[in-house]
Structures are given as structure tokens and as C-alpha cells.
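Peer 1: sequence isn't available, so here's the structure alone:
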């Protein structure tokens, strides 16, 4: 079994080097060669541009793939392109090849590729090759798709945040979202806002780091500046839903002493003022998909994994306790109904 990582004209950063060493993979771009793979099952993955080192989604996928590779016994090739266009070019090259005695799975580990893939007619020509795209709401011909919905978990975090600050009648929260076009981001933003207001919070502003589709996920400078503006307008709790830009929100929390919540994984290590984290078990979802694919089991073309799927949950950080919020059980009981209502509205 082996794991290969390529970089396609990207800046080499220290955190990427650390991640490479953790998974025990090799980067062979310097020699411009691709080592021979040893398994008859090959998973090739394109991450979001400059995705590694985001302290969240991409790093969790990376860890999950390595665990899955060791357990299930397949080879992995990983790419970190400089742009969406470069990622699509990698896919196009892959799709032109024909699997011989091997089975191949190509994973787009970000919905930043959705538009380009949806508008492309390029698909693998042989039955032994499959394509998977994360985090899209609608099926795509010739591609497996799934998403992990965040509305329910974010709704619970919003309610918990308001209830733990119920003595402050003017308590104001802010959601920092990547852009207004990503429906997954919208689900988390609306879920937090609904839970926060229903639990008695004064205001939950949704602000966007970028007004461009596909943007805002790797803009820490802009995210930090947005935190400053919101803080000056009286917001003292921040819920980030912006990929790699979330790091700036955690930094602002540490520097200014304001509360925040984490997303994608347990982010409590990045701020002592974090009440809880929304955990997306994207590694487990990937692992389960690959296991079915390896066993040649029937897999639905599109799957929506919501609150009751087990792939998303809330964990409480540091010394914050669930019992700090009296009445939280009422909001827990409302999650499925509220999430269903939100899903039907889209």
C-alpha cells in the first residue's frame, strides 16, 4: 500500500510538510515522476486549493483517508492544486485513462469543484472507475455525491450559546460565512441564527467574508478585519463558517477575549473561549463510502446526511457543560423538525 501527494504549482508551507510526515506519504514532484502503486484499488483525491493546514475540514479528510487506507488496503494519490482549474485538469487527465486490472475512485474533496464538474461532460469511460464529489445538494450525472448538512447541529449551538448567556438581554452574536452562495454554509448560518433567536438571543447577524461565489474560504486577513468591525458594533460571540478563514476568527477570539464556537472538528485547542464545536465526521463518511465501493455494494447516486445520520454532532469544550444551559433538551427535541423545515424551503 502506498500514498502519493502531488503539489500543482502551490506555495510550500510548513504545516503541509508536517501533514505529509504524519501520514507517511512522499512528494515526488521534484523528480516529476509517479511511483508505481501496489494495490489493485486506487483512490485519487483532489483537495480544495491550498486546502491543507486549515485546522478543520481538509485536515480531517486527510487523517480519515490515511486511517481508511491502513484499514481497508488501497492506494492513495492526493493532489493539492493551486486553483479549481488545476484541480479539474488533474481530473480530466485521470478520466482519459482506462482502468485495466484495477478499480479507481476519484474524489473531489470540496464543493468548490461542483460548478466546473457539473458543466463538464468528461466522465470515465470504463465501469471500474468512479467519481465522488463532496457537499453538493443536487445529483450530478455520472458522479456519486453526498453532503453533511449542518443546520441541525448549528441550530443546537445557537440555542446553547443564547441559553448560556440568558442573563445578558442584549447579547449579540455574529456568523462569519464565506460567501452567500454556498448552501452548506447557508444551512449552518441559518441554523445558528434560528437557534440563537429562539432561545432568547438579542441578535445574530450573518456577515460574509466575500461576495463572490466560491470565495471566502482562505481569506484570513479579511476575516480578521470583519471580526474587528463586528466587535466594534457590539457583537461578542462569533460563529465562523468559512473553511480556512476560520483560523482568523479563533485568533481574534484569543486576542480580544471574545467567545466563539468551532466547526468541522473539536477546535477547543485554538481558543480558551470556545463554548462548543460542530463536528462533521467527514472522515467517517468517506471511510464508509470507500468500504462500500471496495465491496462493490450498491451506493445511492446522491445522499443527504443530516442530524440523525451520525455524521454530524456537537461537542462541548473545556469546562463548558451541557447542564449550563437549562432547557437545552427542548431545542434538541426540535432539531429534526426544524431541519426538515429548512430543507424543504431550499
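Peer 2: Looks like it arrived, so ask away. Values in this document were obtained by computation on a predicted structure and should not be read as measured data. Numbers count the residues shown, from 1 in each chain.

Peer 1: what about the strands in the protein?
Peer 2: 3-8, 26-27, 41-46, 75-81, 103-108, 129-134, 144-148, 172-177, 203-208, 237-241, 259-264, 274-280, 302-305, 312-316 (DSSP state E).

Peer 1: winner for burial among the ones you listed?
Peer 2: strand 237-241 (a mean of 29; mean count of other CB atoms under 10 Å). The C-beta positions use only the backbone N, C-alpha and C, and glycine is treated the same way.

Peer 1: residue 161 touches residue 196, doesn't it?
Peer 2: Yes: applying CB atoms under 8 Å, one finds residue 161 in contact with residue 196, separated by 5.9 Å.

Peer 1: those two: which is more packed in?
Peer 2: residue 196 (29 against 25; other CB atoms under 10 Å).

Peer 1: which residues touch that one?
Peer 2: For residue 196, the contacting residues are 158, 159, 161, 162, 173, 204, by CB atoms under 8 Å, 6 or more residues apart in numbering.

Peer 1: 6 Å - rerun?
Peer 2: With contacts defined as CB atoms under 6 Å, 6 or more residues apart in numbering, residue 196 is in contact with 158, 161, 162, 173, 204.

Peer 1: how much space between it and residue 202?
Peer 2: 9 Å (CB to CB, to the nearest Å).

Peer 1: over to residue 174?
Peer 2: In terms of CB to CB, residue 174 sits 12 Å off from residue 202.

Peer 1: same list (the contacts of residue 196) but as CSV, adding distance to residue 343 and pLDDT.
Peer 2: Output for these, formatted as CSV (distance: CB to CB, whole Å; pLDDT from 0 to 100):
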residue, distance to residue 343, pLDDT
158, 17, 97
161, 23, 94
162, 23, 94
173, 23, 96
204, 20, 95
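
Peer 1: any idea which of these is closest to residue 151?
Peer 2: Using CB to CB, residue 158 comes nearest to residue 151 of the contacts of residue 196, at 10.3 Å.

Peer 1: distance of the closest one from residue 145?
Peer 2: Counting by CB to CB, the gap from residue 158 to residue 145 is 28 Å.

Peer 1: and for residue 288, the neighbour number?
Peer 2: Residue 288: 17 surrounding residues under other CB under 10 Å.

Peer 1: tell me the contacts of it?
Peer 2: By CB under 6 Å, 6+ apart, residue 288 has no neighbours at all.

Peer 1: could you do residue 102 as well?
Peer 2: Residue 102 neighbours (CB under 6 Å, 6+ apart): 40, 42.

Peer 1: same thing with residue 195?
Peer 2: 155, 158, 159.

Peer 1: residue 237 contacts residue 259, doesn't it?
Peer 2: Yes: with contacts counted by CB atoms under 6 Å, residue 237 reaches residue 259, the gap being 4.8 Å.

Peer 1: tell me the spacing between residue 244 and residue 87.
Peer 2: 16 Å.
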